[in-house]
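Asker: please work out how this folds:
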Amino acid sequence: MRLWHQDMMDLLPKSQLLAQWRELNSVFAKEDRHILINYIYEYPKEHLYVYTQLVLQEMRERAIKIRTVDKMNHYFQDIDPTVNIEKPFHNHHNDTYFEICYFNLKEKYLRGQKDFEESRFQALDTRYKSVQARKDMV
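Answerer: Coordinates of the predicted model:
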């Protein structure tokens, strides 16, 4: 399980975006525990809600249809839908985490993942280099 860094959501291959939705639904249904996502339970539920909205927004922009949002609606029934958190999971979804996610995706690209177009990877690579440049300035 992995929650991709929110700043690369628009660059994820379709298969990773769909897998992200499946993983979120697993959290909604069972509050899964996994070493790669346990940090989400350190934050108020609103962080996961905002993150989920980013995933749904990206799916809508790509015209990806989902069958149901029942698990999500039940999980977030006590959340104010107008909540505004600029950087969900801000202590974990930082530049280092972006780098971790980048190299995970880079390996998928280099191994020939079929739905990972070169243009999408090049855009991801450019964004990664800008994150690295920001880190080097600090």
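Asker: and the helix with the most length in the chain, how far out from the chain's middle?
Answerer: When the chain is parsed with DSSP state H, its longest helix is helix 118-137. Relative to its chain's centre, helix 118-137 lies at 17 Å (C-alpha atoms, centre = their mean, to the nearest Å).
Asker: tell me which element the closest residue in space to Asn25 that isn't next to it in sequence falls in.
Answerer: Ranked by C-beta to C-beta, 6 or more residues apart in numbering and with sequence neighbours excluded, the top spatial neighbour of Asn25 is Lys71, at 5.1 Å. (C-beta placed from N, C-alpha, C; glycine too.) In this structure, Lys71 sits in helix 70-75 according to DSSP states H and E.
Asker: export whichever helix or strand comes after that helix to CSV, keeping only CA atoms.
Answerer: Scanning forward in sequence from helix 70-75 by DSSP H and E, the next helix or strand is helix 95-110. The C-alpha coordinates for helix 95-110 follow below in CSV (Å, rounded to 0.1, in the frame of the first residue of the first chain):
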residue,chain,number,x,y,z
ASP,A,95,10.3,16.5,-0.5
THR,A,96,11.9,13.3,0.7
TYR,A,97,8.7,11.4,0.3
PHE,A,98,8.3,12.9,-3.2
GLU,A,99,11.7,11.5,-4.0
ILE,A,100,10.8,8.1,-2.7
CYS,A,101,7.6,8.0,-4.8
TYR,A,102,9.5,9.3,-7.8
PHE,A,103,12.0,6.5,-7.7
ASN,A,104,9.2,4.0,-7.3
LEU,A,105,7.6,5.3,-10.4
LYS,A,106,10.9,5.7,-12.3
GLU,A,107,11.5,1.9,-11.8
LYS,A,108,8.0,1.2,-13.2
TYR,A,109,8.7,3.4,-16.2
LEU,A,110,12.2,1.8,-16.8
